[in-house]
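Visitor: sharing a sequence plus its predicted fold:
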Amino acid sequence: MAKSPSFTCTACAASYTKWSGRCENCGEWNSIVEEKPLTAGPSSKSLGKARGRTIELTDLSTKETPPERTLAGVDELDRVLGGGLVQASAILVGGDPGIGKSTLLLQAAARFARNGLKVIYVSGEEAAAQVRMRADRLGLTESPVKLAAETNLRDILTTLDAERPDLAIIDSIQTMWADHVEAAPGSVSQVRTAAHELTTFAKQRGIAVVMVGHVTKDGQIAGPRVVEHMVDTVLYFEGERGHQFRILRAVKNRFGPADEIGVFEMTGKGLAEVKNPSALFLSERGNPAPGSVVFAGIEGTRPVLCEFQALVAPSPHSQARRTVVGWDGGRLAMILAVLESRCGIPFTGLDVYLNVAGGLRIGEPAADLAVAAALLSAREDATLPAECVLFGEISLSGALRPAVQTENRLKEAQKLGFTSAIAPTSAKPVALSGIAVRQFDDLTGFVSDVFGAR
Ligand code: TYD
Ligand code: MG
């Protein structure tokens, strides 16, 4: 039998059979730790006494299908959860320390409690008095949420068993300690055991369990990635420290669409919903400048407009820099290569900086055209019209591929006062009053039309 891998990367959960200083999967240094087998476990030859129960698929009542859901009454949260909190589910909320996970979950706990759920908030990081102080600041002291400051997993499960809540929040999974596992709290085996037991408990007792997981850079503490596969829903709370915007993103959801985002703003009194994120992401936009373009994107089920900013300057270094914030570096390299080989516009010897304004992270390939336009606009020092939005995916051949939800993108642009759009040619003609759409088959056509003959 093949020996199972016993080394795990605490940052990305990749498994290895031997230790190394750097994780080949995520590139993190010193993040690989040895993982001790949890228990010897019975050999597969000795079968369990209790017979595994099976049910005929046809015996399952079809009436039972939709799982019961409870709305928080906070649209930005309910949408990311896939339409409310699902009973008997396990949810992981990951994010950098200090980004606002505890604040978000305390506010959510209060909302769900107000909507009739019995909620327990277990803090392994703060004393009950500290949680109470935070609740004070958030104006939630009247909410019927029960607090517990505890780290022992067995005690927590006993409490949950006795109290029978509808929702339990565990803040954080890295502070939980299972006394039957010989490893320090925060280690891969402790974090996995705690997540596994809490998830199993959630399924058996029909309660929803939300676990907080800090994204760690320190190899000693396991990050949330090591438990992502065990839970039903994985949400990440993201944002730039300097910005007040926070984005809750569903990266996995058994009960709803992944990639859905909820947008919040961190205020002095906790997190506030942002109902119109496009207006927020464009709010810092000044006069049109070279390198600035507006991308009409789709995040989950919702159109979101945002600004791409590019700066292109002669490089003083022997190897030119490529710096990206809010977008994929590999994708930038691809666009630069396509611009060079298909349109004959080289970026050799030029430093390239690309940024998505407002701390948003874009993963959609439909942003390609906006990125190409921002790069060209910066390189040529040519400003694009301020009232124009762009979208479209670029293939390696330089062709523009139609994007999904063209109409929704255009409608959002129209709502925010944009009057023109540049998009790929689509099979169905697009027409929307008040917005002039120019469509192109390929990048070369777009470049010569918008930036002049080359
Ligand atoms: P917190 O929820 O403790 O972060 P996490 O649990 O992800 O580690 O949030 C901490 C930050 O949020 C801290 O820097 C202070 C800020 N904050 C506010 O700006 N307003 C508030 O009302 C609260 C409660 C926190
Ligand atoms: Mg916290």
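Guide: Now that the structure is in, tell me what you want to look at. Ligands and ions are numbered 1, 2, ... in the order given.
Visitor: now the end-to-end length of stretch 8-15.
Guide: Using C-alpha to C-alpha, to the nearest Å, one end of stretch 8-15 lies 5 Å from the other.
Visitor: mean confidence (pLDDT) on it, please.
Guide: The average pLDDT within stretch 8-15 is 89.
Visitor: what are the contacting residues of it?
Guide: The contact list for stretch 8-15 (C-beta atoms under 8 Å, 6 or more residues apart in numbering) reads 5, 7, 16, 23-26, 28, 31-33, 35, 188, 216-223, 225-226, 228-229. (Each C-beta comes from the backbone N, C-alpha and C, glycine too.)
Visitor: in strands, which of those residues fall?
Guide: 7, 16, 32-33 (DSSP state E).
Visitor: need the residues of the stretch 151-300 of the chain near ligand 1, please.
Guide: For the stretch 151-300 of the chain, the residues in contact with ligand 1 (C-beta under 6 Å from any ligand atom) are 266, 268-270.
Visitor: 5 Å - rerun?
Guide: Proximity of the stretch 151-300 of the chain to ligand 1, by C-beta under 5 Å from any ligand atom, involves residues 266, 270.
Visitor: low-scoring stretches of the stretch 51-200 of the chain, by residue?
Guide: Counting by pLDDT under 70, the stretch 51-200 of the chain shows low-confidence ranges at 51-52, 60-66.
Visitor: need the strands for it, in chain order.
Guide: Using DSSP state E, counting those that start in this stretch, the strands of the stretch 51-200 of the chain run over 69-70, 85-86, 90-95, 119-123, 145-149, 167-171.
Visitor: which residue would you name as the spatial centre of this structure?
Guide: The centroid of the chain falls nearest to Arg249 when counting by C-alpha atoms, centre = their mean (3.5 Å).
Visitor: what number of residues lie near Pro267?
Guide: Wrong residue type there; residue 267 is Thr, not Pro. Look at Thr267: counted by other C-beta atoms under 10 Å, it has 9 neighbours.
Visitor: phi first, then psi, for the closest residue to ligand 1 within the stretch 151-300 of the chain.
Guide: Nearest residue of the stretch 151-300 of the chain to ligand 1 (C-beta to the nearest ligand atom) works out as Gly270 at 4.0 Å. Main-chain torsions, Gly270, degrees, to the nearest 10: phi 90, psi -160.
Visitor: need the contact list for the nearest residue to it once chain neighbours are set aside.
Guide: Leaving aside its chain neighbours, Gly270 sits nearest to Leu138 (4.2 Å; criterion: C-beta to C-beta, 6 or more residues apart in numbering). By C-beta under 8 Å, 6+ apart, Leu138 lies in contact with 103, 106-107, 110, 269-270.
Visitor: how about the ones in strands among the contacts of stretch 8-15, which pair is most distant?
Guide: Greatest spatial distance in the ones in strands among the contacts of stretch 8-15: Tyr16 and Val33, 10.2 Å, computed using C-beta to C-beta.
Visitor: overlap of the contact sets of those two?
Guide: 7-8.
Visitor: out of the two, which sits in the busier spot?
Guide: Neighbours per residue (other C-beta under 10 Å) separate Tyr16 from Val33, with Val33 holding more: 20 against 17.
Visitor: from Gln220, how far out is that one?
Guide: 7 Å (C-beta to C-beta, to the nearest Å).
Visitor: could you do Ala310 as well?
Guide: From Ala310 to Gln220 the distance is 39 Å (C-beta to C-beta).
Visitor: out of those two, which sits in the busier spot?
Guide: More crowded of Ala310 and Gln220, by other C-beta under 10 Å: Ala310, with 24 against 12.
Visitor: and the contacts of Leu138, which of them are buried?
Guide: 103, 106-107, 110, 270 (16 or more other C-beta atoms under 10 Å).
Visitor: mind listing what's buried in the lengthiest helix in the chain?
Guide: Scanning the chain for the longest helix, with DSSP state H as the assignment, gives helix 188-205. The neighbour-count check on helix 188-205 (16+ other C-beta under 10 Å) flags 188-199, 201-202 as buried.
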